[in-house]
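# For reference, the sequence and a predicted model appear below.
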Number of protein chains: 8
Amino acid sequence: MTQSYNRLNREDAAVLLVDHQTGLLSLVRDIEPDRFRNNVLATAGLARYFGLPTILTTSFEDGPNGPLVSELKEMFPDAPYIARPGQINAWDNEDFVRAVKATGKKQLIIAGVVTEVCVAFPTLSALAEGFDVFVVTDASGTFNDITRNAAWSRMQAAGAQLMNWFAVAGELHRDWRNDIEGLGKLFAAHIPDYSNLMTSFAAQAASR
Amino acid sequence: MTQSYNRLNREDAAVLLVDHQTGLLSLVRDIEPDRFRNNVLATAGLARYFGLPTILTTSFEDGPNGPLVSELKEMFPDAPYIARPGQINAWDNEDFVRAVKATGKKQLIIAGVVTEVCVAFPTLSALAEGFDVFVVTDASGTFNDITRNAAWSRMQAAGAQLMNWFAVAGELHRDWRNDIEGLGKLFAAHIPDYSNLMTSFAAQAASR
Amino acid sequence: MTQSYNRLNREDAAVLLVDHQTGLLSLVRDIEPDRFRNNVLATAGLARYFGLPTILTTSFEDGPNGPLVSELKEMFPDAPYIARPGQINAWDNEDFVRAVKATGKKQLIIAGVVTEVCVAFPTLSALAEGFDVFVVTDASGTFNDITRNAAWSRMQAAGAQLMNWFAVAGELHRDWRNDIEGLGKLFAAHIPDYSNLMTSFAAQAASR
Amino acid sequence: MTQSYNRLNREDAAVLLVDHQTGLLSLVRDIEPDRFRNNVLATAGLARYFGLPTILTTSFEDGPNGPLVSELKEMFPDAPYIARPGQINAWDNEDFVRAVKATGKKQLIIAGVVTEVCVAFPTLSALAEGFDVFVVTDASGTFNDITRNAAWSRMQAAGAQLMNWFAVAGELHRDWRNDIEGLGKLFAAHIPDYSNLMTSFAAQAASR
Amino acid sequence: MTQSYNRLNREDAAVLLVDHQTGLLSLVRDIEPDRFRNNVLATAGLARYFGLPTILTTSFEDGPNGPLVSELKEMFPDAPYIARPGQINAWDNEDFVRAVKATGKKQLIIAGVVTEVCVAFPTLSALAEGFDVFVVTDASGTFNDITRNAAWSRMQAAGAQLMNWFAVAGELHRDWRNDIEGLGKLFAAHIPDYSNLMTSFAAQAASR
Amino acid sequence: MTQSYNRLNREDAAVLLVDHQTGLLSLVRDIEPDRFRNNVLATAGLARYFGLPTILTTSFEDGPNGPLVSELKEMFPDAPYIARPGQINAWDNEDFVRAVKATGKKQLIIAGVVTEVCVAFPTLSALAEGFDVFVVTDASGTFNDITRNAAWSRMQAAGAQLMNWFAVAGELHRDWRNDIEGLGKLFAAHIPDYSNLMTSFAAQAASR
Amino acid sequence: MTQSYNRLNREDAAVLLVDHQTGLLSLVRDIEPDRFRNNVLATAGLARYFGLPTILTTSFEDGPNGPLVSELKEMFPDAPYIARPGQINAWDNEDFVRAVKATGKKQLIIAGVVTEVCVAFPTLSALAEGFDVFVVTDASGTFNDITRNAAWSRMQAAGAQLMNWFAVAGELHRDWRNDIEGLGKLFAAHIPDYSNLMTSFAAQAASR
Amino acid sequence: MTQSYNRLNREDAAVLLVDHQTGLLSLVRDIEPDRFRNNVLATAGLARYFGLPTILTTSFEDGPNGPLVSELKEMFPDAPYIARPGQINAWDNEDFVRAVKATGKKQLIIAGVVTEVCVAFPTLSALAEGFDVFVVTDASGTFNDITRNAAWSRMQAAGAQLMNWFAVAGELHRDWRNDIEGLGKLFAAHIPDYSNLMTSFAAQAASR
C-alpha cells in the first residue's frame, strides 16, 4: 500500500496567520521569545517571498489581547485582515472563511497563538471541510510543552501535517535554481548559522 | 477524505474528576505542584462556569490515598460523588457509570490522578462504549514524563482527544460575546499572564 | 465507531523479561540507574505477585553482555530461561517462542534492554503472529530519549500498547478488594511516595 | 576560624518588594508563571504574617511597565509606596532609601523583577552602606537561567545571602510553638504538598 | 487483525546518505556534535559492514553548504555520488532516483541533514512510490527538538519506520553467530560503553 | 598561599540526619524519589559501616510532617533521637546540641529535608560554633533546583563543604585495603552500575 | 564589614568585543543562535547608545574562523580593530592593550567567543593589571554549560563581575529620565516581550 | 587590589590522568559517553602535543573497576603508571606523589573518574602542598550534575581553577603562530564543528 505524498505547491497554498497579537504573545512560553519572534517573521517572510495569498486575523485586538504585531501588518498591507468580533475559532467567522475560500487554494499553511486554540480549532474545521492543512509548528506558540504536545496530537490525528517554517520554504521552493539569491536571503535573515556560512564563504571568495 | 471535527459542545459534555486526592497527589511529579493545583482548579472552574454536569469519584479515600482535595468538594456540593470501594478503573463501578449515563451526555471531559491508571482506564472503557472522550492532559498527573507519554499514546491510539483545560474552555465557549466578563474572570484566575494583561489594560483605561 | 478496549487480564497474560544483563545495563542512559533498577524489579515483582507465567531470556551471557541480574534469577527459579546462542530477536529463537506459546497466553507483557532491539524486535514479531503486546516502557531502557522515542513510535504503529509497570499492575488487579495488603506491599516496595503515605497513615492510626 | 551566623531576626528585618508590575512580569521566564505568582504572594504573605515593615516601589508604573500587581497593593495598604519617577536602582531614589532607613532595620529582605537589575542594584547599594541583605531568590525573576545565575554570582560575591521564601519564613519563625496555626496556614496557602499533608492528617484525625 | 512485521533484510536494503555536508552540519543542534558525528559514521559503518548498496548525495556542495564530510567520501569511494544541481528533495533528481532503483532494493535506509527537509522529503516521495523507508533518526539532525518532532510525526504518519542506527544494525544482522567479531567491532567503535564492556571482559579473560 | 585540606576522618566525624520524615519527603522534588531514598539510605549505611556516632532528629513527628522513615529508625536503634518539640533549627534544641557535643567529634556530616531549612540552619549554627560541616548534598532534598542552589550558596559562603555520600564514604575509608568487601557491599547496595560491574566480574571469575 | 559597590559608570567604561567571527560562532552551543545573535547585537547596541569606546578584535579572520560578523563591523566603523596575527589571549597583543589603555577607561565590559578562552583570558589579564572587568555573560558563548560554568567560576574567583547585557545597560543608564525614548528603543529592539508591552501601550493610548 | 593571573605555562605544567578505567566509566552519567570519551582523548592529546609530563594511575584495575582505557595506555607508553594497591586518594600513594614531584612542575592539570573522589581528593591534597591545580572539568565525570556541582564547589573553594580541555590547550599554546597546523589538527580531531570549518575552508581554497 503506497502513500500519496501530499506536498505543498506554490500554486495551491495560502497562509493563515492567526492572533499573533502583542498581548497574547506574553502567553507563549514553549519557545523562547527571540526564537519565536524570528520564526513568526520567517513564516511571514516566506509567505511574501513565495507570493502566497495571506490572511491575517485577530481576536479582540482592542482589549488586553493587544494589536497584531506591527511587523506583520506592515508586511501584508493589502492582505485580508479579519478582526474577529468574538469568535474564538477563526473558522467560525464567516468573513475569515470567505477570505480563505476566495484564495481558491486547497492547501492551508497555518500558524498562530496559542497553538491548541487559535491554530488547532481552525485546523480541525478546515480539515473537516476537505482542506489540506499544514501547521507551522515553530511559528505557533503556547503555554508549555504539555499543551503543545496535546495540541499536536489532536491535529495530527485529524490529518494535519506538522512542519516547521524551514521545511515549508524548502517544499515550496523545490529547486534552488528557481532563485538562489532570494531563498538565500530569506534563510540568511532568519537562520544565524546559515548567515554565518554565507558570510564566511563570501569573504573567502572575495579574498581570491 | 475529509475528517469530521469532533468538537466539544456545551450541551453534550460532562466532566469526570477522578481521584484528585490529597495522598495520591504526592505521586504526581510530571507537573510541578503549583501549576498542577492551578490546572485542576481551572478545570473544575470551567466545569462550573459552563454548568457542565460533573461527577467526582475517589479511590479508598479513608486510607493513605487521602480525601478529595477540599476545593473540589466545595465547588461541587451537589455533584454525584462516588467513593469507590475498590475498583481501580472507575468505569468498573456501576454507580459511576450510572451517574455518567444519567447525565445524558455523549462527550466526556476527564482528568485525574494518576494519568495512566485513573484517567486512562475509564477513558478506554468509555471509548469502548461509544462515548467521545476528551482528556484534560494538564489537569492529569503522573510519576514522570515517560509514564505520561505512554499513557497519552495508549489513549490516543484508542481514539481519545488530548486537550488542555484552556482549549477545553475555548472550544466550549465558542464566542467571547457569549460572556466576555465570565470567561475573562476564569482566565484571569488561572493564567497569571492573562491576569497581568487585563490589569495593565484596565489601569491604562482608567487613567484616561 | 467504538473502540474495543484491549485490556490486560490476569488469566490471559504472560511476562517476557528480555536481556536485563549486567553488562547491557551500562548502555541504558534514558532512565537513571536507581529508578531503572527499581522499575525492573517492580515489573518482576508484579509478575510474581499476579502469578503470571514469566519467561527469562539472555543474549550471550558468557561474554561482555554479562549474566542476568541476580535478583531476576532468584525471583523466578522455575521460569523458562532461554540463554540464546546468538539470535538478536528473541522471537527468532525457537525455544523462546515455544516457551511463550506453552503458556497458552495471548497477552504478552514485555520489558527489556535495549528498547529498540531486545524489546521492539520480539514485540513486532509477536504482533505479527497475532499476540497482543503490552510494552512496559519504564522497565525497558536504551541509550537516550531519541532512540527511545523512535522505538516507541515503531512499536505503537504496529499495534503495541505502551504502558508503565504501575498501570500494568493496576489493570491486572482490577479491584483493590481482591487483595489490599498484597498490592499495597508491591506499591510500597517500589514507590517511595506511596510507602511514605502508608507509613504516615499507619503511624497516625497507631497513635489513637 | 569560626563564621558568625548572620541570621534573620524578626525584630531586625524589613521587606523590600521591587517592581512586581504587571507589564514587567511578562519578562520573567526563568520561573514559570503559576509558581512565580505563588512565590511572590508567599513572600508578601510572610511579610505580613511576621509584621515586618514592608516597602513597595515601582518603576514608571504609568507606562508599559504597568501597575503593581493588585494583590500586593491590597495586602499592604499602609506601606510606604514609592513610585519612582525614573531611577532604575531603587536605592538611587531618596524617598526609597529614607523609607528603608525609617524602618530602623538592619536586615533587608528583598525580592523583585528583574533579578539582575531591580534586585541586584539596590542589593549592592545597600550592602555598600552596611546593611545585611537577604535575597528572596524564588520571588525574584528574570529572562532565563543564564541571567539569573550571573546576578546571583554578583550579589553573593558582594556579601548578599541567597534564600527562598520558605527559608526566610523558617528562619524568622524560629520555633513552631510561637504559632503553629499561623505558620501552618501560610505554608498551606502556598505549598500544595504541605496543604495536602495537612488535609490528609486532619481527615484521619476527624475519622477517629 | 495481525500486523505483518516489515523487517529490514540484508538482501533487500540500500542506504541513502543525504547532505551530510560540512556547512550544513553547523545547522544541526538537536544532537550534540560529538554524538552526531559518531552516529553518522556508525550508520556509514554499518552500511559498509553489511555490504549494502549506498548512495551519497549533496546539495550545492560548492557553496556555503560545503563539501560532503570527508570520512563519508573515503568510506564509499565507489558509491553513486549525486551532487544535485539544485533540487532540494533528492527524489526530484532523476539521477538519484535512477541510482536508487538501480540497486534493485525495496527497503531504503535513509539519514541526512536536515531531518525535516533532506530526509523527510525523499522519504515521503519514496513511500509514495511504494518503497519501504526506514529513517535513521539519530544520524539525521536538525535545528531543535520541535523541528525534529514535527518531521518525525509527518514521516511516521506517511508510513516510514523510525529507527536508530543500533536497531538497524541489529535487525540486519539477525544472529550474532553470523559474525561475532565483525559486529562487535562495529559496536565497540561507536558505543563507548560497549567498548568498555569488551575491554573489561578481555582483560579479565587474559588474566586467567 | 597553600590551602590546608580539611579532610574527613573516621575518628573525628559524626553524622546528623535531620527530619527525613514521611510527610516532609513529599516536599522533595529536586531529586526524584527512587534516587533520593537510595541516597538517604546510603548515607545511613555509611554512617553505620564506619561506626560513626549518628544523631537522629525530627520536627513535629506526630503531625502532618509524619514519622521518621522507618528504615532509619531501624538502622540506628541506639542512636540519640531528638524529637524536637518545635524548634525549626535543630541547633536551637539544647538536647540536640548536647548530643552532638557528647560525641566529641569536630566534623559534622549532615543531611536532611528540606535543604535550605533543616540542613542549612544547623549547618550555619554549627559553623558559627567552630565545627567543620560537611553537607551530604544528594541525601538532602528540597522543592526545586532554585531553592537548592540558593541553599548551597549560603552554606558554602559560610564555610561548609559540599559533598555527596559517595565522596564522604571514599574520604572516610581512605584505602580499599582497610576492608574491600565491606565497602564493596555498601557501594553495590546503592550504586546499580557498581553492582553490575561486580556481578559481571564475579560471573566471569567463576567461569574459569 | 561593608562592601563597596563597584558600579559601572558611563564615563569610566569601555567595551571589548572579542572574536565574534562567523566561523567561531558555529562552536557556540550553550545559547541558541537566535538568542545569541540578539544578545551580541544588543551589547553592541548599548555600546553605541551610551557612546562607550569600543574595541573590536579577531583571531585569524582569513582562515576557518571567518570574518567578524558584518553587523559589528558596520556598527563601529571607526573603532580600533585589531586583527590579531596569532595571540589567543587578546591581552597578549600589544596593539589591543594599547587600544584599551588609550581609552583611558578603568571599567572594561567584555564579551566574546568562546567564553573560556577569548573572554576569560583577557579578563584574567586585565584584572591582573588592575582593571575592573564586567563580563557580558549572555553575549559570550561556548560549547556547553559545563564549559561555561567552569569559565564563569574561574573569572569570578579572580574578581570579575558577571552581568548580562540588560543589567549593563540599566547600570549605565541610571535613570530613565536621562533618555526615555532612547533606552526604550534599545530594549524594544532586543527584547520581544518589552516591545510587545510598548506596542500594546501605544495602541491603547492611541485609541483614546 | 589587583589579582595575579595564575596562568598555565607549558614549562611548568604536568598532567595527571586518574582512574579512567573501563569499569568505572560506566558510573559516569553527567556527560554522555560519546562526548566524554572525546574529551578524555582530547585531554590526553593535548598532553602529548605539548609534551607535558603525564602520569597515569589506576585503582584496583584487576577487579571490577577494569583496566585503564586502552587508548590512554597506548598514547603514553613511557609515562609513570601507578596502579594503586588500594589508596582511594592517589595522593596517599607515595609512588604517585613521588612521580608528580619528579616532574619538577608546579602546575598540575588533572582529570579523572569520578570527579568528587578521584579528582577532588588529590586536588585538595596537592593544593595543600602548594601546587597550583587546574581541573579539566569536561574530562572528569561523575554520577550526575548534583554530585558534579558539589565537587566543583569544594575544589574551587580550596583554590583550584576549573577549566575545560579547550581552554587548557589555548592557555598553553599562547599564540597560534607557535604551530598553526599542530594545534589545528588537535582541534579538528576533537571538535567536529571546528573540523567542519576547516574542511569547508580547505575545499573552497582548493577550488580556486
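Looks like it came in fine.

# use CA for all of it now, contacts and neighbours both
Fine.

# Is the closest residue in space to A:N164 that isn't next to it in sequence bridged to anything, and to what?
Among residues not flanking A:N164 along the chain, A:V136 sits closest, at 4.9 Å (Cα to Cα, 6 or more residues apart in numbering or on different chains). Per DSSP bridges, the residues bridged to A:V136 are A:M163.

# Now A:K106: phi and psi?
phi -100, psi -20 (degrees, to the nearest 10).

# do A:G141 as well
Backbone torsions for A:G141, taken as degrees, to the nearest 10, come to phi -130, psi 160.

# Give the burial count for it, as a bare number.
Per other Cα atoms under 10 Å in any protein chain shown, the neighbour tally for A:G141 reads 31.

# How much space separates the spatially closest residue to A:N93 that is not a sequence neighbour from D:L183?
With Cα to Cα, 6+ apart as the criterion, A:N93 has its nearest non-adjacent residue at 6.2 Å, and that residue is A:Q87. Separation of A:Q87 from D:L183 (Cα to Cα, to the nearest Å) stands at 46 Å.

# and the residue nearest the centre of chain A, which of the three is it?
For chain A, the residue nearest the mean C-alpha position is A:A111 (3.8 Å; Cα atoms, centre = their mean). Here A:A111 is recorded as strand under DSSP: H, G, I helix; E, B strand; the rest coil.

# Check what pLDDT it gets.
We have a pLDDT of 98 for A:A111.

# contacting residues around it?
If you count contacts by Cα atoms under 8 Å, 6 or more residues apart in numbering or on different chains, A:A111 has them with A:L16, A:L17, A:V18, A:V119, A:V135, A:V136, A:T137, A:A139, A:S140.

# Just the buried ones among those residues, please.
Buried by 16 or more other Cα atoms under 10 Å in any protein chain shown: A:L16, A:L17, A:V18, A:V119, A:V135, A:V136, A:T137, A:A139, A:S140, out of those.

# tell me which of those is nearest to B:L46?
Sorting the buried ones among the contacts of A:A111 by how near they are to B:L46, with Cα to Cα, puts A:V119 at the top with 21.1 Å.

# Give me the spatial nearest neighbour of that closest one, chain neighbours excluded.
A:V119 sits nearest to A:G112 (Cα to Cα, 6+ apart), 5.4 Å away.

# Against which helices or strands is the helix of greatest length in chain A packed?
The single longest helix within chain A, with elements called by DSSP state H, is helix A:33-49. Here helix A:33-49 touches helix A:70-75, helix A:165-173, helix A:180-190, helix G:33-49, helix G:192-206, going by 3 or more Cα pairs under 8 Å, 6 or more residues apart in numbering or on different chains; DSSP states H and E.

# Tell me the bridge partners for the residue nearest to A:V119.
With DSSP bridges as the rule, A:G112 is bridged to A:V18.

# A:V18 is in contact with that one, correct?
Yes. Applying Cα atoms under 8 Å as the test, A:G112 and A:V18 come out as touching, 4.4 Å apart.

# Quickly list what's touching both of those two.
In contact with both A:G112 and A:V18: A:C118, A:V119, using Cα under 8 Å, 6+ apart.

# need the residues of chain A near chain H, please.
For chain A, the residues in contact with chain H (Cα under 8 Å from any Cα of the partner chain) are A:F201, A:Q204, A:A205, A:R208.

# For the third one, which non-adjacent residue is spatially closest?
Leaving aside its sequence neighbours, A:A205 sits nearest to H:Q204 (Cα to Cα, 6+ apart; 7.9 Å).

# Repeat that for A:T123.
A:V133 (6.4 Å).

# same check, this time on A:D175
E:Q87 (4.2 Å).

# Output the contacts of A:A111 in CSV; the columns should cover distance to D:I146.
As requested, these are arranged in CSV below (distance: Cα to Cα, whole Å):
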residue, distance to D:I146
A:L16, 35
A:L17, 32
A:V18, 32
A:V119, 32
A:V135, 32
A:V136, 29
A:T137, 26
A:A139, 24
A:S140, 25
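
# which of those lies closest to B:A126?
Distances from B:A126 to the contacts of A:A111, taken by Cα to Cα, are shortest for A:V119, at 28.0 Å.

# what sits against the closest one?
A:V18, A:I110, A:A111, A:G112, A:V113, A:V135, A:S140.

# any idea how far it lies from chain B?
11 Å (Cα to the nearest Cα, to the nearest Å).

# Do you know the pLDDT at that residue?
Per the predicted model, pLDDT is 98 at A:V119.

# before we move on, what about A:M1?
Reading off the confidence values, A:M1 has pLDDT 52.

# what does A:S4 give?
Here, the pLDDT recorded for A:S4 equals 87.

# Could you pull up the residues touching it?
Here A:S4 is in contact with E:L127, E:A128 (criterion: Cα under 8 Å, 6+ apart).

# helix/strand/coil for it?
Applying three-state DSSP: A:S4 is coil.

# Now the phi/psi pair for it, please.
According to degrees, to the nearest 10, A:S4 has phi -70, psi 140.

# quick revisit: quick check: the gap between the residue nearest to A:N164 and chain B.
According to Cα to the nearest Cα, A:V136 and chain B sit 19 Å apart.

# How is chain A divided into domains?
A:13-174, A:177-208 (automatic domain parsing).

# Quickly compare these and say which is most buried.
domain A:13-174 (a mean of 22; mean count of other Cα atoms under 10 Å in any protein chain shown).

# For A:Q107, give its distance to A:E129.
Where A:E129 is concerned, A:Q107 sits at a distance of 12 Å (Cα to Cα).

# for A:L27, that is, sorry about that
30 Å.

# List the contacts of stretch A:137-150.
Against stretch A:137-150 from outside (Cα under 8 Å, 6+ apart): A:27-31, A:36, A:39-40, A:43, A:111-116, A:119, A:162-165, B:137-138, B:162-164, E:146-147, E:150.

# and if we set it to 7 Å?
A:27-31, A:36, A:39-40, A:43, A:111-116, A:162-165, B:138, B:162-164, E:146 (Cα atoms under 7 Å, 6 or more residues apart in numbering or on different chains).

# can you give me the end-to-end distance of it?
With Cα to Cα, one end of stretch A:137-150 sits 13 Å from the other.

# now it: how far from the chain's centre is it?
Relative to its parent chain, stretch A:137-150 has a centroid offset of 14 Å by Cα atoms, centre = their mean, to the nearest Å.

# again with stretch A:60-75
16 Å.

# for stretch A:93-107, same thing?
Relative to its chain's centre, stretch A:93-107 lies at 16 Å (Cα atoms, centre = their mean).

# Poorly predicted segments of chain A, please.
A:1-2 (pLDDT under 70).

# still on that earlier bit, quick check: the residue nearest to A:V119 touching A:Q21?
No. With contacts counted by Cα atoms under 7 Å, A:G112 stays clear of A:Q21, the gap being 9.3 Å.

# Could you grab the helix/strand/coil label for A:D30?
coil.

# so what's it closest to, chain neighbours aside?
Per Cα to Cα, 6+ apart, closest to A:D30 is A:N144, 4.4 Å.

# how close does that neighbour get to B:T147?
Distance from A:N144 to B:T147, by Cα to Cα: 18 Å.

# again, but for A:W152
19 Å.

# go on, A:M163?
A:M163 sits at a distance of 26 Å from B:T147 (criterion: Cα to Cα).

# Now do the end-to-end distance for stretch A:133-142.
Using Cα to Cα, the two ends of stretch A:133-142 sit 19 Å apart.

# show me the contacts for A:D12.
Contact analysis of A:D12 by Cα under 7 Å, 6+ apart lists A:K105, A:K106, A:Q107.
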